[in-house]
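Peer 1: coordinates for the following, if possible.
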Amino acid sequence: MNRSFLFLTALTALVLTQGCAATTACRTRPETSPGFERTASDGVCLSHIQWEPAQPPVRGVVVLIHGLRDYSDRYSGLAESLRAQGFAVVAQDHRGHGHSGGDRQRIESMQQLVDDVDGVVQDARARHPGAPVLVFGHSMGGLVATHYTLQHAADVSGLILSGAALALPPGVSGFDTRLAKIFGTLLPGLPAQALDSEMFLHDGPEKERFLADPLITHEKLPARSAKALIAAIEALDGKLQDLKLPLLVVHGGEDVITSLEGSRAVVAQATSTDKRLIIYEGQRHDLAHEPDAQKVVGDIVSWVEAHVPR
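Peer 2: Numbering: from 1, shown residues only. Modelled structure (predicted):
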């Protein structure tokens, strides 16, 4: 048999099977970042971290949903600011991210991520019965948070979106999306979608930490993940008007990772009478770590405080 044929066959098999749950176990958290673990229905370990206010009672709960090339511990600044105002904060590392198990950056479907988040919300409601629950989502986490809120509106008292991936990224054409869908079906493990990590943040110590963080993967997104995210963005068409709860949307004016037009669209189309868009001019994608991070965090905390009475 032709050697080239054998090589191509082996390569194709490798790509097709790449990402078949190399591990389901969580990574060990450092002592400085204690958390807890929960096992998803498919056996993947999901790692969580929570911040509880020093003095009860809990005023409300904020469920934090991070994005791609990201994990929950990176939001300790926002979480501590909310905790200081009496809020509990709980966050889960997505499967394939941070301390959670699963192949890195592997996403099968938006519904899978929404179901994972529902486990977090229901656990938070059980821990703090009667406390209002607000959902914060950054980047891909904003896409997850939007889908979650549309499906579970009765469980959510407010929605905060940061640099949310609600529209196709700048420069992605219809041809690109068609290719992603084809490869996501035929070669799901193929490294397909590149994200320029250099453009997440302005140069400085935060960017250096981001690029060097061993818990963050900077490789191309697998084709299956790109296909799942494109499908999730397309599925929002005609549904944003169903968002009726209080809504805060923040976005960096120099963000080239996610589209500012997606944030404008959700504010324009949501039928909530209580909605606000803040654009931080001169800031890039990762707002919680950009030069204006203190102002961003302050605006978010002030909005949350205004929507959850003491």
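
Peer 1: give the contact list for the nearest residue to Ala164 once chain neighbours are set aside.
Peer 2: Nearest residue to Ala164 in three dimensions, chain neighbours excluded: Gly142, at 2.5 Å (C-beta to C-beta, 6 or more residues apart in numbering). C-beta coordinates here come from the backbone N, C-alpha and C atoms, glycine included. By C-beta atoms under 8 Å, 6 or more residues apart in numbering, Gly142 lies in contact with Ile65, Gly67, Leu161, Ser162, Gly163, Ala164, Ala165, Leu166, Thr258.

Peer 1: most neighbours among the residues you listed, which one is it?
Peer 2: Neighbour tally across those (other C-beta atoms under 10 Å): the maximum, 32 neighbours, falls on Gly163.

Peer 1: who's in contact with it?
Peer 2: 67, 138-139, 142, 250-252, 255, 257-258, 263, 285-287.

Peer 1: for His66, see how far away it is.
Peer 2: 11 Å (C-beta to C-beta, to the nearest Å).

Peer 1: kindly list the longest helix within this structure.
Peer 2: Scanning the chain for the longest helix, with DSSP state H as the assignment, gives helix 110-127.

Peer 1: mean confidence score for that one?
Peer 2: The pLDDT scores in helix 110-127 average 96.

Peer 1: hmm, who's touching stretch 290-298?
Peer 2: 77-78, 81, 162, 201-202, 204, 206, 250, 252, 280, 282-284, 287-288.

Peer 1: just the buried residues of the residues you listed.
Peer 2: Listed as buried from these are 78, 81, 162, 201-202, 206, 250, 252, 280, 283-284, 287-288; burial here means 16 or more other C-beta atoms under 10 Å.

Peer 1: which ones are touching the spatially most central residue of the chain?
Peer 2: Per C-alpha atoms, centre = their mean, the C-alpha nearest to the average position across the chain is that of Gly141, at 2.0 Å. Each residue near Gly141 by C-beta under 8 Å, 6+ apart is listed here: Leu64, Ile65, His66, Gly67, Asp70, His94, Ala164.

Peer 1: spatially nearest residue to it, not counting backbone neighbours?
Peer 2: Using C-beta to C-beta, 6+ apart, the closest residue to Gly141 is Ile65 (3.6 Å).

Peer 1: hang on, isn't that neighbour packed against Phe136?
Peer 2: Yes: the criterion here is C-beta atoms under 8 Å, and Ile65 meets it with Phe136 at 6.7 Å.

Peer 1: shared neighbours of these two, anything?
Peer 2: In contact with both Ile65 and Phe136: Ala145, using C-beta under 8 Å, 6+ apart.

Peer 1: tell me the secondary structure at the residue nearest to Ala164.
Peer 2: Three-state call for Gly142 (DSSP: H, G, I helix; E, B strand; the rest coil): helix.

Peer 1: below-threshold pLDDT in the stretch 1-150 of the chain: ranges please.
Peer 2: 1-22 (pLDDT under 70).

Peer 1: now do the helices in it.
Peer 2: 3-17, 76-84, 110-127, 140-151 (DSSP state H, counting those that start in this stretch).

Peer 1: of all those helices, which gets the most neighbours per residue?
Peer 2: helix 140-151 (a mean of 25; mean count of other C-beta atoms under 10 Å).

Peer 1: quick one: it to helix 110-127, angle?
Peer 2: 70 degrees (axes from the mean of the first three to the mean of the last three C-alpha atoms, to 10 degrees).
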